[in-house]
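**Student:** After the sequence you'll find the predicted model.
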Amino acid sequence: MNAFNKILLLVLFSFLNQFAFGQKLEVCSDCDFKTIKEAIAKAQDFDTIYIKKGLYKEMDIIIDKPLTVIGENFPVIDGEFKGEIITITSDNVTVDGLYIINVGTSYTEDYAAIRVVRSKNFVIQNLVLEKLFFGIYIEKSSDGKVFHNNIIGDAVEEYNSGNGIQLWYSKNIEIDQNIVTHVRDGIYLEFSDFCTITNNISRENIRYGLHFMFSNDDLYQKNIFENNGAGVAVMFSKRIKMYENTFKDNWGSASYGILLKEINDSEIIGNTFETNTIGINIEGTNRIIYKGNDFIGNGWAIKFRGACYANSFTQNNFLYNSFDLAYNSKLNDNTFDYNYWSSYAGYDLDKDGEGDVPYRPVKLFSYIVNRTPETIILLRSLFIDIIDFSEKVSPVFTPDNLLDNHPQMKVIPND
């Protein structure tokens, strides 16, 4: 290789290296760039913008090129309640380590602390968002990650508050290790498929810890949904997988751990439903596998509202719920088998670990309370024990074939 070719190769390598890694631009009061908008305007594709610690009163920041924006020691971006703060409209954008406050509130616009629009391969991570309307709003985007953010709202009423993390018409989004509190819905999905929601904490939100509709093939795993207004709502979706989540302390006259409405061909496995008014409220759900779940100390463990067919309940633990099941029909097309029921009073003479007498989990009193809620005041009375026993011996109001033919004698380990 002659000298000219070596020089040409060196120049080409230098150019490609610069393109691949970009330049570093710093933003601070003493830097060349005093504002974030100015740095973005001057930046080239794939540059990195470092925002030094400080207060930046900016809003309507548009990231319209592939950039990495990194905050140093959580600089504060204050939108002064004027509107949206950061909007991403380019592919290949990373936003990391910012403290964003004071998003504008509107009854006509869904202002967000950070919005992603028609973008791919984005990363939103390590943000702290406070005093917000919507937190992170992702629309018509794909192949992105929302990781390790802390979203703290101050919502009081549903009508003038937004959601913590919202996806709309998006796909292949990872939402992992976020904490969302005091917003309307902690995490909201609509028309968003093939998304994974893992290791998040969503608690003390005005309405739902998680709310999704018309979203298929999504995975929800190892999340905690606790003390939310109405619990979690999962509606009009297919092929949903919900594994190892905790639904806890969602308590109130219209609350539940999770509401399932028009859900088909899904799996609910290894979850914990503890001290909710209703563990699972089911309506119009079909071909769902409920396996290895723990129902602990709920008012109702499971409440069937109707039109639920070909569901299977196996190896679940029903522990000290006021009612294990509520059923509003005399017809049953669902199977209950190999579950543990703390109220089972049968025996196991052959010592095989299974009760020798089938267990009938629907009590007549549950049927009565379902129709006349005021009768709940009779819950612990002797009269109720008598009518429950009579229904167990000769079912009249509850499905005759709703039985667990292999009730387990010991709590099933669901680790």
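**Tutor:** Nice, thanks for sending it over. Numbering: from 1, shown residues only.
**Student:** Buried residues in stretch 329-345, which are they?
**Tutor:** 332, 334-336, 338-341, 344 (16 or more other CB atoms under 10 Å). The C-beta positions use only the backbone N, C-alpha and C, and glycine is treated the same way.
**Student:** What distance do you get for Phe133 to Ile49?
**Tutor:** According to CB to CB, to the nearest Å, Phe133 and Ile49 sit 25 Å apart.
**Student:** Tell me which of those two has more neighbours.
**Tutor:** Each of Phe133 and Ile49 has its neighbours counted (other CB atoms under 10 Å); Phe133 has more, 27 against 23.
**Student:** show me what contacts the more buried one?
**Tutor:** 103-106, 110-112, 161-162 (CB atoms under 8 Å, 6 or more residues apart in numbering).
**Student:** now swap in Gly284 and tell me
**Tutor:** 261-263, 305-308.
**Student:** State the pair within the buried residues of stretch 329-345 that is farthest apart.
**Tutor:** Asn332 and Tyr340 (20.2 Å; CB to CB).
**Student:** nearest to His148, of the contacts of Gly284?
**Tutor:** For those, the nearest to His148 is Ile263 (29.3 Å; CB to CB).
**Student:** right, and Gly29 touches Lys53 too?
**Tutor:** Rather than Gly, residue 29 is Ser. No: using CB atoms under 8 Å, Ser29 makes no contact with Lys53, being 10.6 Å away.
**Student:** which element follows the helix or strand bottoming out on mean pLDDT in the chain toward the C-terminus?
**Tutor:** Here the helix or strand of the chain ranked lowest by mean pLDDT, DSSP states H and E is helix 3-21, holding a mean of 48. Downstream of helix 3-21, the first helix or strand assigned by DSSP states H and E is strand 24-27.
**Student:** what are the bridge partners for Lys248, then?
**Tutor:** Per DSSP bridges, the residues bridged to Lys248 are Glu226, Glu274.
**Student:** What separation is there between it and Met59?
**Tutor:** Distance from Lys248 to Met59, by CB to CB: 37 Å.
**Student:** With Lys222 instead?
**Tutor:** 35 Å.
**Student:** Strands of the stretch 301-415 of the chain, residue ranges please.
**Tutor:** Secondary structure of the stretch 301-415 of the chain (DSSP state E, counting those that start in this stretch): strands at 312-314, 317-319, 323-326, 335-337, 340-341.
**Student:** Could I get those strands in JSON lines, plus columns for mean pLDDT and distance to Lys351?
**Tutor:** Formatted as JSON lines, the strands of the stretch 301-415 of the chain follow (pLDDT from 0 to 100; distance: least, CB to CB, whole Å):
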{"stretch": "strand 312-314", "mean pLDDT": "97", "distance to Lys351": "22"}
{"stretch": "strand 317-319", "mean pLDDT": "98", "distance to Lys351": "21"}
{"stretch": "strand 323-326", "mean pLDDT": "90", "distance to Lys351": "25"}
{"stretch": "strand 335-337", "mean pLDDT": "96", "distance to Lys351": "20"}
{"stretch": "strand 340-341", "mean pLDDT": "98", "distance to Lys351": "16"}
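**Student:** what about Leu55, how many neighbours?
**Tutor:** For Leu55, using other CB under 10 Å, the count is 12.
**Student:** Could you check how far it is from Ile63?
**Tutor:** Distance from Leu55 to Ile63, by CB to CB: 20 Å.
**Student:** same question, Gly186
**Tutor:** According to CB to CB, Gly186 stands 25 Å off from Ile63.
**Student:** Going through the contacts of Phe133, which ones are buried?
**Tutor:** 103-105, 111-112, 161-162.
**Student:** Going by distance to Val123, which of these wins?
**Tutor:** Ala112 (16.6 Å).
**Student:** right, and the closest one touches Glu139 too?
**Tutor:** No: assessed by CB under 8 Å, Ala112 is found out of contact with Glu139, at 9.7 Å.
**Student:** intersection of neighbour lists for the two?
**Tutor:** Going by CB under 8 Å, 6+ apart, no residue sits against Ala112 while also sitting against Glu139.
**Student:** before we move on, back to that, so Lys222 and Met59 - more neighbours on which side?
**Tutor:** It is Met59, of Lys222 and Met59, that has more neighbours when counted by other CB under 10 Å, with 22 against 16.
**Student:** ok but that one is inside a helix, no?
**Tutor:** No: counting by DSSP: H, G, I helix; E, B strand; the rest coil, Met59 is not part of a helix but coil.
**Student:** so how far is Tyr290 from the residue nearest to it when sequence neighbours are not counted?
**Tutor:** Leaving out its chain neighbours, the residue that sits closest to Met59 by CB to CB, 6 or more residues apart in numbering is Gly79, at 4.0 Å. Applying CB to CB, the value for Gly79 to Tyr290 is 44 Å.
**Student:** OK, contacts around Glu267?
**Tutor:** 240-243, 288-289, 291.
**Student:** Quick check on it: phi, psi?
**Tutor:** phi -130, psi 130 (degrees, to the nearest 10).
**Student:** Next up, the contacts around the residue positioned nearest the centre of the chain.
**Tutor:** Against the mean C-alpha coordinate of the chain, by CA atoms, centre = their mean, the closest residue is Leu210 at 3.9 Å. By CB under 8 Å, 6+ apart, the contact set of Leu210 is 185-188, 197, 202, 220, 223, 225, 232-234.
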